[in-house]
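Participant: give me coordinates for this.
(2 chains)
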2 protein chains.
Amino acid sequence: MPDFSIAVDLGGTNLRVAAVSGEGQLLEKVTVPTKTARGPERTIDEMCETINRVSAKHKLSGKFLGTGIGVLGVIDMQTGTVRKSANFPGWEDYPVRAEIERRLRGYGVLENNSAVIIDNDANMAALGEQWLGAARGIANMAVVTLGTGIGGGIVLNGNIWTGMNGMAGEFGHVTVEPDGPICGCGNRGCAERYASASAIMRMAREAVASGAAPSLAHAASSDAEAGAKSIYNLALQGDENARHIFGTFGRYLGIMLAGAVNVLNLEMFVIGGGVSSAWDAFAPKMFEELRERSLVYAATAPANPLAVSPTSREEIASSKTETLTSGTTIITRALLGSDAGLYGAARAVMLAG
Amino acid sequence: MPDFSIAVDLGGTNLRVAAVSGEGQLLEKVTVPTKTARGPERTIDEMCETINRVSAKHKLSGKFLGTGIGVLGVIDMQTGTVRKSANFPGWEDYPVRAEIERRLRGYGVLENNSAVIIDNDANMAALGEQWLGAARGIANMAVVTLGTGIGGGIVLNGNIWTGMNGMAGEFGHVTVEPDGPICGCGNRGCAERYASASAIMRMAREAVASGAAPSLAHAASSDAEAGAKSIYNLALQGDENARHIFGTFGRYLGIMLAGAVNVLNLEMFVIGGGVSSAWDAFAPKMFEELRERSLVYAATAPANPLAVSPTSREEIASSKTETLTSGTTIITRALLGSDAGLYGAARAVMLAG
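Facilitator: This is a model prediction of the structure:
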């Protein structure tokens, strides 16, 4: 009869609701398409109905600890609303937290004062990787997720560092090239304009348009996810144009990380998100920049950072003591994939309890 | 009979030893020239002798809480040594912390297990501004000190955030221009190559050498401190070359701060150090960059950031509740000047007690 939490991940494509045991076992996972474009009411209705169904089932065999909810985008911690986002049209003034709590109370899910924790998905993913993933046992770390854009979350002393308004960890909008391409945030030369799937596609389209990279023409006309994968495959096959793009990707990701290492001096940065699977193509240049650009990294880097790339929970668990005692800065790949946010949401409930 | 701590600031020019009451009164301050070039033994001897003398005197009238010591440069928290630094030739392998403790034990200063806290001077300055200066009552903040270079310290939840090895807060070596001028740290385009006294002098010399700025010739041939002041005065008088230099200064300081605000989402960044007195010349451009380059700052900035520039402890104390409840990011000038590190060192003792 394991204790369990309900973990929710509300993304742009899917709503996922899971039951996770206190030991970190994924007991059940329900995935339904997200309907955020129809407005908040229907999405929150469906979320809470699913939470109720999944929790009711597992309450038969274990103690219910509470509900953790990760939401794509920035949560205003003071008002419990979602800040304006392309993924959530018409949600700006909707009191997400209050409405979720009201519905869960109606279902009786909030009985016994069980917690409801809401945070953004990147913060939850950071907590998940810290609890059960690449940073298991490491108290101070950050996750940088490379997807369509760049997300980020910071964990200090084992807890999410939300910052004053829940906006900490915006690694993707750190300036890495003062006069670089315009970003949707209003800035120029943000990290995510160089180190994301959309950045790969931008660079490919620009290379094709200049006439210099006919080999990328097919990939550059695909959608972002498929196109980025094609360009990665071309890079692996030695295509110079594709390799150049991933070199630029690694350079600017390294510049951003070098700044973050200098400011935060964390034990570990975990690189996740779909585009992190192109690690082999961008990591060598990323580490080169880190060594040159961060005196903190240079003073604390492992001798062979590319070799520190755990592929299983067990491997990182066995190496963690060495990592901590030697005071090195580890930059490595995420382990939990898209489930990191679910594990983190469950962990957030346990930390609040 | 006030409780008191001994606060020490070991800088490149002076060693200062002070007695500070638990309420933050500076009871006494002794300043002697630093002799770091003669090696660690003589400096530590003199420091400990002075600590003994000052503490003995004040022990007659109050309870001694302990000793806090801020050291210019980076302290390795694990080994208690000073990392290699131009200011401390031959100190690399000297066990500073152990040697200080040994001498103080000899003097009986460590009786009753009173604490000895050692940290770098920028961290101590951050804690001082947080305790009694511009960030009084604000739990999460950072100090950026603009001097010959750039120093930095971060306070989270009222305590110094040292990072894993005591190296957090290296704001000066964040890359702000990937192909910018070479820095002593091995990187190119570090923030301190644009926003420090030495950067002002570099820009002035380059402008003079190009033949474009004869008005700066006299200032550019002075030493760094006097030259930077002259160029500031020229900027105030409307000299276009001098104004251009401070515009570049503000631009890159703003780029660095925008990244820090995006990552940390702190309530306040306090700008200190000797060059912060040129605030009027660089702050407008700095705030312009912050608004354009940080979505977090844009979402949380006060309406008129230049007006948020407290000139007394009382003023900031009366405004602090408003600051906290409105969730704004305040970027303002330091209040405690060169005494910030002494107050912080005293505070560090109180926090450890």
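Participant: now do the strands in the stretch 101-250 of chain A.
Facilitator: A:115-120, A:141-146, A:150-156, A:159-160 (DSSP state E, counting those that start in this stretch).
Participant: winner for burial among the ones you listed?
Facilitator: Neighbour counts (mean count of other C-beta atoms under 10 Å in any protein chain shown) averaged over each of the strands of the stretch 101-250 of chain A peak at strand A:141-146, with a mean of 29. From N, CA and C alone the C-beta is placed, and that goes for glycine too.
Participant: what secondary structure does the closest residue to chain B within the stretch 1-150 of chain A sit in?
Facilitator: Across the stretch 1-150 of chain A, the shortest distance to chain B (C-beta to the nearest C-beta) belongs to A:Q78, at 5.8 Å. Using DSSP: H, G, I helix; E, B strand; the rest coil as the criterion, the local structure at A:Q78 reads coil.
Participant: quick check: closest non-adjacent residue to A:G166.
Facilitator: Excluding its sequence neighbours, the residue lying closest to A:G166 (C-beta to C-beta, 6 or more residues apart in numbering or on different chains) is A:M77, at 3.9 Å.
Participant: just name the shakiest helix or strand of chain A by mean pLDDT.
Facilitator: helix A:313-326 (a mean of 48; mean pLDDT, DSSP states H and E).
Participant: any idea how far stretch A:290-301 is from the middle of the chain?
Facilitator: Distance, stretch centre to chain centre, for stretch A:290-301: 24 Å (C-alpha atoms, centre = their mean, to the nearest Å).
Participant: the residue nearest to A:G166: what's it in contact with?
Facilitator: Contacts for A:M77 (C-beta atoms under 8 Å, 6 or more residues apart in numbering or on different chains) come out as A:T162, A:N165, A:G166.
Participant: need those in a markdown table with neighbour count, can you?
Facilitator: What follows is the contacts of A:M77, written out as a markdown table (neighbours: other C-beta atoms under 10 Å in any protein chain shown):
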| residue | neighbour count |
| --- | --- |
| A:T162 | 18 |
| A:N165 | 21 |
| A:G166 | 22 |
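Participant: point me to the residue of the stretch 51-200 of chain A nearest chain B.
Facilitator: A:G163 (2.4 Å).
Participant: now do that residue against B:A191, distance only.
Facilitator: Separation of A:G163 from B:A191 (C-beta to C-beta, to the nearest Å): 21 Å.
Participant: more neighbours: which of these two?
Facilitator: Neighbour count, other C-beta atoms under 10 Å in any protein chain shown: between A:G163 and B:A191, B:A191 has more, with 32 against 25.
Participant: skipping its backbone neighbours, what lies nearest that one in space?
Facilitator: Nearest to B:A191 is B:M256, by C-beta to C-beta, 6+ apart, at 4.1 Å.
Participant: would you map out the domains in chain A?
Facilitator: Annotated domains of chain A cover A:4-127+A:343-352, A:136-335 [automatic domain parsing].
Participant: give me whichever of the ones you listed is most buried.
Facilitator: domain A:136-335 (a mean of 21).
Participant: from the chain's centroid, how far away is that domain?
Facilitator: Relative to the chain's own centre, domain A:136-335 is displaced by 12 Å; criterion: C-alpha atoms, centre = their mean.
Participant: with just CA atoms, put stretch A:277-293 into CSV.
Facilitator: Extracted as CSV, the C-alpha positions of stretch A:277-293 are listed here (Å, rounded to 0.1, in the frame of the first residue of the first chain):
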residue,chain,number,x,y,z
SER,A,277,19.4,14.0,-28.1
ALA,A,278,21.7,15.9,-30.6
TRP,A,279,24.2,16.0,-27.7
ASP,A,280,27.0,14.4,-29.8
ALA,A,281,26.7,17.2,-32.3
PHE,A,282,26.8,20.2,-30.0
ALA,A,283,28.4,19.1,-26.8
PRO,A,284,32.1,19.3,-27.8
LYS,A,285,31.8,22.9,-28.8
MET,A,286,29.7,23.7,-25.7
PHE,A,287,32.4,22.3,-23.4
GLU,A,288,35.1,24.2,-25.4
GLU,A,289,33.3,27.4,-24.7
LEU,A,290,32.7,26.6,-21.1
ARG,A,291,36.4,25.9,-20.5
GLU,A,292,37.4,29.2,-22.2
ARG,A,293,34.7,31.4,-20.9
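Participant: and that stretch, anywhere near chain B?
Facilitator: Yes. Interface with chain B: stretch A:277-293 contributes A:E292, A:R293 (C-beta under 8 Å from any C-beta of the partner chain).
Participant: give me the average confidence score over that stretch.
Facilitator: For stretch A:277-293, the mean pLDDT works out to 97.
Participant: going along the chain, name the helices of chain A.
Facilitator: For chain A, helices defined by DSSP state H occupy the ranges A:40-59, A:96-107, A:121-132, A:197-209, A:217-220, A:224-236, A:240-264, A:279-293, A:295-300, A:313-326, A:340-352.
Participant: apart from its chain neighbours, what residue comes closest to the closest residue to chain B within the stretch 201-350 of chain A?
Facilitator: Residue of the stretch 201-350 of chain A nearest chain B, by C-beta to the nearest C-beta: A:N265 (2.4 Å). With sequence-adjacent residues excluded and distances taken as C-beta to C-beta, 6+ apart, A:N265 is closest to B:G163, at 2.4 Å.
Participant: and if you look at A:I182?
Facilitator: Nearest to A:I182 is A:R188, by C-beta to C-beta, 6+ apart, at 5.6 Å.
Participant: please apply the same query to A:V143.
Facilitator: A:A126 (4.0 Å).
Participant: equivalent analysis for A:A224, please.
Facilitator: Nearest one to A:A224, counting by C-beta to C-beta, 6+ apart, is A:A197 at 4.6 Å.
Participant: which residues does the residue lying closest to A:I118 once chain neighbours are set aside form a beta bridge with?
Facilitator: Spatial nearest neighbour of A:I118, chain neighbours left out: A:I69 (4.7 Å); criterion: C-beta to C-beta, 6+ apart. With DSSP bridges as the criterion, A:I69 is bridged to A:V8, A:I118.
Participant: hang on, A:K57 packs against A:E28?
Facilitator: Yes. Using C-beta atoms under 8 Å, A:K57 is in contact with A:E28, at 7.5 Å.
Participant: common neighbours of these two, please.
Facilitator: Common neighbours of A:K57 and A:E28 (C-beta under 8 Å, 6+ apart) are A:A19.
Participant: quick check: mean pLDDT of stretch A:48-55?
Facilitator: Per-residue scores along stretch A:48-55 average to 96.
Participant: any low-confidence regions in chain A?
Facilitator: Applying pLDDT under 70 to chain A flags residues A:1, A:309-326.
Participant: any idea which residue of it is furthest from its center?
Facilitator: A:G211 (35.3 Å; C-alpha atoms, centre = their mean).
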